[in-house]
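S.K.: Only the shape, not the letters, is given here:
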Ligand SMILES: Nc1ncnc2c1ncn2[C@@H]1O[C@H](COP(=O)(O)OP(=O)(O)OP(=O)(O)O)[C@@H](O)[C@H]1O
């Protein structure tokens, strides 16, 4: 559960991750894919922040940049007091145990030529300096923690089911007692029948070990189940961050509203009233995002100001941050009154 009385464990400020585009014979730098474009958010100790959005909106890039598996283009990433974005390679190596990743495809992320014991023990070799007896004891402890039978320690990944392979990946991520784990679509490659077991395991480990998660997923129902708060991304930026119940009950950003309109309601009386919002048009290229609000080309509630001024992520209600001129008409005023009347009217309707 989230502890807001302390400083956040993870603080991200103005993070940008651009991938350069090179073209022509001379491989000239002709532009950038703006996969993550100036985002800021916090994750509190012990909480799960869900990260959702359509395919290609930048979710995995955020996760990888946070752990510095990618070199961020700009921004600060503070994890447990250190600015990860500016650590030297040696300092980053010492920091690695604190922050780990569970990957989507356990099949691809486990070396098929290593036994389970070798896979789980690999991080211990580099960081722990344990004797071989202590190392084996730790490997068994980790296998117990994720529900893998110790008798299978010398088997290879192909001998396991998808769910068991993901347990091996989780055990490896836990080997060095991390505080923060990025779970990047950890259940997407698993059979539906196994998904809940792996999510329950992650929740159980979080309770027992006090872990903090960034949970990246396109499964909005699963995110509703596991997350404390949810960040909704669109085209490299955050549209809204809100506590999970408030967001699913009443999303404030029009993109969040459209995205969540696809989620079935558990309550049958509300499911009957659910209206799906189908967005028109394609997602623009992250190499050439639109001027103003990046959602303006598809937003059903677009106003003239949205095509001119980029909205900032600001507090819209207690604990809710939204980047939208409809919610924050003050930004419309900055653009010389354009669209302000419409914005105020909408805010009154929304009651924020
Ligand atoms: N290594 C890379 N080089 C160039 N472009 C990249 C690279 N990695 C990601 N991108 C681009 O950055 C954008 C964001 O990709 P990312 O994988 O982070 O999105 P995502 O939301 O995680 O998508 P998905 O849900 O499909 O995994 C996409 O346009 C993608 O093509």
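M.R.: Done, it's in. Computed from a prediction, not measured in an experiment: that's the story for all the values here.
S.K.: Pull the contacting residues for the closest residue to the ligand within the stretch 251-352 of the chain.
M.R.: Of all residues in the stretch 251-352 of the chain, residue 286 sits closest to the ligand, at 4.7 Å by Cβ to the nearest ligand atom. C-beta here means a position set from N, CA and C on the backbone, and glycine is covered the same way. The contact partners of residue 286, taken as Cβ atoms under 8 Å, 6 or more residues apart in numbering, are 33, 34, 35, 37, 56, 58, 235, 236.
S.K.: Confirm that it lies within a helix, as I assumed.
M.R.: No: counting by DSSP: H, G, I helix; E, B strand; the rest coil, residue 286 is located in no helix; its state is coil.
S.K.: isn't residue 102 right up against residue 166?
M.R.: Yes: when contacts are counted by Cβ atoms under 8 Å, residue 102 is listed as touching residue 166 (7.5 Å).
S.K.: So between the two, which is more surrounded?
M.R.: More neighbours surround residue 166 than the other of residue 102 and residue 166, with 30 against 25 (other Cβ atoms under 10 Å).
S.K.: leaving aside the residues next to it on the chain, what's closest to that one?
M.R.: Distances taken as Cβ to Cβ, 6 or more residues apart in numbering put residue 106 closest to residue 166, at 4.4 Å, once the chain neighbours are dropped.
S.K.: where does the one you found land on pLDDT?
M.R.: For residue 106, the pLDDT comes out at 74.
S.K.: from memory it sits against residue 162, does it?
M.R.: Yes: if you go by Cβ under 8 Å, residue 106 and residue 162 touch, sitting 6.4 Å apart.
S.K.: Between the two, which is the more surrounded one?
M.R.: The neighbour comparison of residue 106 against residue 162 (other Cβ under 10 Å) goes to residue 106, with 24 against 17.
S.K.: In contact with the nearest residue to residue 275 once chain neighbours are set aside, which residues are there?
M.R.: Leaving aside its sequence neighbours, residue 275 sits nearest to residue 261 (Cβ to Cβ, 6+ apart; 6.5 Å). The contact partners of residue 261, by Cβ under 8 Å, 6+ apart, come to 274, 275, 276, 277.
S.K.: list residues touching both of residue 106 and residue 162?
M.R.: Here residue 106 and residue 162 share the contacting residues residue 189, scored by Cβ under 8 Å, 6+ apart.
S.K.: got any ranges where the chain has weak pLDDT?
M.R.: Scanning the chain for pLDDT under 70 picks out 1-6, 330-352.
S.K.: where do the strands sit along it?
M.R.: 10-23, 28-43, 48-52, 74-79, 82-83, 99-102, 180-184, 212-216, 229-234, 237-243, 314-317, 320-322 (DSSP state E).
S.K.: would you turn those strands into JSON lines with distance to the ligand?
M.R.: JSON lines is the format used below for those (distance: least, Cβ to the nearest ligand atom, whole Å):
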{"stretch": "strand 10-23", "distance to the ligand": "3"}
{"stretch": "strand 28-43", "distance to the ligand": "3"}
{"stretch": "strand 48-52", "distance to the ligand": "8"}
{"stretch": "strand 74-79", "distance to the ligand": "15"}
{"stretch": "strand 82-83", "distance to the ligand": "22"}
{"stretch": "strand 99-102", "distance to the ligand": "13"}
{"stretch": "strand 180-184", "distance to the ligand": "8"}
{"stretch": "strand 212-216", "distance to the ligand": "7"}
{"stretch": "strand 229-234", "distance to the ligand": "7"}
{"stretch": "strand 237-243", "distance to the ligand": "12"}
{"stretch": "strand 314-317", "distance to the ligand": "24"}
{"stretch": "strand 320-322", "distance to the ligand": "20"}
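S.K.: For the stretch 201-350 of the chain, what lies in contact range of the ligand?
M.R.: Contact residues, the stretch 201-350 of the chain versus the ligand (Cβ under 6 Å from any ligand atom): 218, 286.
S.K.: Tell me where the stretch 201-350 of the chain has helices.
M.R.: Remark: helices assigned in the stretch 201-350 of the chain by DSSP state H, counting those that start in this stretch are 220-226, 244-249, 254-260, 268-273, 330-334, 340-350.
S.K.: Residue 228 is in contact with residue 247, correct?
M.R.: No: because the distance of 11.0 Å does not satisfy Cβ under 8 Å, residue 247 is recorded as not touching residue 228.
S.K.: ok, the two, which is more surrounded?
M.R.: residue 247 (26 against 18).
S.K.: Can you give me the distance of that one to the ligand?
M.R.: Here residue 247 is placed at a distance of 18 Å from the ligand (Cβ to the nearest ligand atom, to the nearest Å).
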